[in-house]
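okay, predicted coordinates and the sequence, questions at the end:
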Amino acid sequence: MQLKLFEPQEIEFIVRHQDFGPRLWVRRLAIWKDASTLLRDISLRRGVNIIWSPDLSTNGKGSTPHGSGKSTFCRLIRYCLGERHFANEEQRPLMQQKLPHGFVGAEIIIDGECWVVTRPIGMNVPSRSSKAERIEDTFDQLLVDTDPSTIAPVISDKFCTEYRNQVPDNLSPDQVWDVILAWLARDQECRLDDVFDWRSKRSGSGSPAQELSLDTKLAVVRLAIGALSANEISIASEVRSLVRQRDELRQELGHLHWFQQNRFDELCEKLSLPKDRDPSDTIVRKELIDKADEEVAKAIGVTHTKGQPLRVDLTSKRMRFQAEKDEAVKRHADAQALLKTLPAQISAARSEQGVEQARLESGVVVRCAICQVNIDEVLAKGCRISTERCDLDAVRSRIQQSEEGIKEFEAQKASLPGTINELASQIDQISGELANIDREFESLEQQLTVAGRKVEEARELVREVRWFDRKMADRDEETRRLKDIEARIEGRRDSIKLERESVASTIGDLEIVFQQLVASLMPKGCDGKIRLDGNGLHTEILMDRGVGLSTAAVESFKIVAFDLAAMILSVNGKARMPPLLVHDSPREADLDAEIYSNLFDFVLGLEDKATLPLFQYIITTTTAPSQRARNHDAMRLELSSTPAEVRLFALDF
């Protein structure tokens, strides 16, 4: 670890022109048995508020500090700020039975305006949230519902609007304030064990935070302190989707690998092939298929051609003969059709030849043999002598062509019967070959039937081997897909690293305040570190020599310091959350009393950094606060487990 050259500077607030102090704070909390019977009225203040239940060493009464109502007080604060329940399932029925008309009320200041919240302890009062100056001002509407029924949507609109639609898919935008509240007012049952351990199921709060993954809670915190970009959110969502696909594929491939390896071993054993080979190798699988076909051929008693499926030669031969037969049948049909038309063609040719001969010898033609003028036209209009001369050579040529055509037709007429007979003979021969092939197929089928169980087992083995080959091909494709997904995940994670580097300054601001807190509260030589990486947000307290401290006390103190650092960022306008913090008995038994006492003096000192305190810090304790704190107006309430009237509800349950 590199030694720090300078001590961290004193914490400073960036004071804005703000006459009302914190943007969100609780001015008053009161508990009623019914609308006319007030059980407890607690006035709270801007800045530090201490609820003390003295332990045995300081109360002088021999009463235990536990069971006085400190944690219930914190839960009622959370309840009025919008949390679902104020007690667990065992305690609620007892309190509802004792206080059927009971309710808790709070005056909550948001940006200088007072909102009154009343929420039921019993069963006969609805939840209400409305603007008013005092809780009692709403009593005339105490039984009338409001919309919204809690103040949570109002606070969310004020503090979470900028980022509540950017949260991960497993968290609804309208739950973001619930999660922020879980962070700012941690369960006492969680014992400040982890920065992101906010809600215990034992508390029965009904907060969505107790079901969220670490990644989701980290995303909400980073959004709240402005250390998470929209681009990283989008990329992270894509990575989560890819990781789900990858994990599903890995699981599927794991099952396939186990099953297919065992199946491969079984097939190799049946086919007397060595098992110590890779079934994903296509050459190995082809050998498996060929061996299975060979086993069928042996069972049937035929010759097997290596590398080819059984009966492939016979099938190829039949296809070849069938093509030859189809061609011969077509030619036979064409020859028969031509033979039937030849007499008519010869007759037409002879008729045309006679016409041409008549033109040559007698001139009895449709047109004048001399001038080529139509006779009918001559009779109708009179003769107009043509300038064309009669072409006797052309007439003789046409006569000669007709004669040659007639001879060709006569030759075809004489030869076609022989051709037809030859084609018919060829067709019969091919049909015989096809019949022989069909008999071979039939013989093979009969052999298969005769061979019985042995052949069927061999054929079943072929089916299994071919099925195995197809499944292995599918697995190869899935493996390629898995590699592609893993490459995409790696690439997107590199992009996330770049996005995190872009918000490093925000984490740096938080770390600076954290270091200042550690330097102010821990023994000299201690240093604080905050680190954001792919595994989360990490806080550390180190000695000069770089050795981390990890006792229960230091772990809890790290969380207190982290929360205070985030609250200070909010005061300075660098975080998008209210500067409100509730710590329920944060001291661990082995935390040095002086360090714990310094905590109270330190947070009281923060009040002096502005005309009005710009935050509200509520802390409950069984250990005595510092002398300064006990004499300060910050001491709001002292509780005890006995007698009943000094407990929070001033009665027994």
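That came in fine, so what should we check first?

contacts and neighbour counts: CA atoms only from here.
OK.

Leu581 falls within a strand, correct?
Yes - looking at Leu581 with DSSP: H, G, I helix; E, B strand; the rest coil, it is inside a strand.

what sits opposite it in the beta ladder?
Tyr617 (DSSP bridges).

do a quick rundown of the helices in the stretch 201-350 of the chain.
Using DSSP state H, counting those that start in this stretch, the helices of the stretch 201-350 of the chain run over 214-224, 230-271, 282-300, 312-361.

list of residues touching stretch 405-417?
The contact list for stretch 405-417 (CA atoms under 8 Å, 6 or more residues apart in numbering) reads Ala335, Gln336, Leu339, Leu342, Gln345, Ile346, Ala349, Arg350.

now do stretch 527-547
Against stretch 527-547 from outside (CA under 8 Å, 6+ apart): 1, 3, 214-215, 218, 497, 500, 507, 510-511, 514-515, 518-519, 525-526, 548-549, 554, 558, 562.

ok, stretch 125-134 next?
Residues outside stretch 125-134 that contact it (CA under 8 Å, 6+ apart): 101-103, 107, 113-120, 138, 142-151.

in this structure, where's the longest strand?
If you go by DSSP state E, the chain has its longest strand at strand 24-34.

quick one: mean pLDDT for that one?
Taken as a whole, strand 24-34 carries a mean pLDDT of 97.

before we move on, what about stretch 523-536?
Throughout stretch 523-536, pLDDT has a mean value of 82.

equivalent analysis for stretch 207-217, please.
When pLDDT is averaged along stretch 207-217, the result is 90.

hmm, which helix or strand of the protein has the shakiest average pLDDT?
Least confident helix or strand, the chain: helix 56-59 with a mean of 56, by mean pLDDT, DSSP states H and E.

next helix or strand past that helix?
Per DSSP states H and E, the first helix or strand lying C-terminal to helix 56-59 is helix 70-80.

who's in contact with that next one?
By CA under 8 Å, 6+ apart, the surrounding residues in contact with helix 70-80 are 29, 51-53, 85-87, 104-106, 117-119, 150-151, 181, 185, 188, 582, 584, 620-621, 639, 648.

returning to what we had before: which of the contacts of stretch 527-547 count as buried?
215, 218, 500, 507, 510-511, 514-515, 518-519, 526, 554, 558, 562 (16 or more other CA atoms under 10 Å).

just the ones of those residues in helices?
In helices, defined here by DSSP state H, the members of those are 215, 218, 500, 507, 510-511, 514-515, 518-519, 554, 558, 562.

format those as JSON lines; extra columns: distance to Asp608.
Shown next, in JSON lines, are those (distance: CA to CA, whole Å):
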{"residue": "Asp215", "distance to Asp608": "37"}
{"residue": "Leu218", "distance to Asp608": "32"}
{"residue": "Arg500", "distance to Asp608": "35"}
{"residue": "Ile507", "distance to Asp608": "26"}
{"residue": "Leu510", "distance to Asp608": "21"}
{"residue": "Glu511", "distance to Asp608": "23"}
{"residue": "Phe514", "distance to Asp608": "19"}
{"residue": "Gln515", "distance to Asp608": "20"}
{"residue": "Val518", "distance to Asp608": "20"}
{"residue": "Ala519", "distance to Asp608": "19"}
{"residue": "Val554", "distance to Asp608": "27"}
{"residue": "Lys558", "distance to Asp608": "24"}
{"residue": "Phe562", "distance to Asp608": "21"}
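
how about the residues you listed, which pair is most distant?
Asp215 and Ala519 (29.7 Å; CA to CA).

what comes up buried for the helix or strand that contains Asp157?
Taking DSSP H and E as the criterion, Asp157 maps to helix 152-159. Under the neighbour-count criterion of 16+ other CA under 10 Å, helix 152-159 has Ala152, Pro153, Val154, Ile155, Ser156, Lys158, Phe159 buried.

show me which of the residues you listed is closest to Ala644.
Ala644 lies nearest to Ala152 out of the buried residues of helix 152-159, by CA to CA, at 32.7 Å.

surely that closest one and Ile110 touch.
No - counting by CA atoms under 8 Å, Ala152 stays clear of Ile110, with 11.6 Å between them.

and for Gln97, the neighbour number?
14 (other CA atoms under 10 Å).

distance check, it against Asn124.
11 Å (CA to CA, to the nearest Å).

Val26 too?
From Val26 to Asn124 the distance is 25 Å (CA to CA).

of these two, which one has the most company?
Neighbours per residue (other CA under 10 Å) separate Val26 from Asn124, with Val26 holding more: 23 against 14.

does the more buried one touch Leu44 like I think?
Yes - the criterion here is CA under 8 Å, and Val26 meets it with Leu44 at 6.6 Å.

in terms of secondary structure, what does the helix or strand encompassing Ser597 contact?
Here Ser597 is covered by helix 593-607, with elements defined by DSSP H and E. Applying 3 or more CA pairs under 8 Å, 6 or more residues apart in numbering; DSSP states H and E, we find helix 593-607 packed against strand 47-52, helix 504-521, helix 627-630.

out of the ones you listed, which gets the lowest mean score?
Across those, helix 504-521 gives the lowest mean pLDDT, at a mean of 88.
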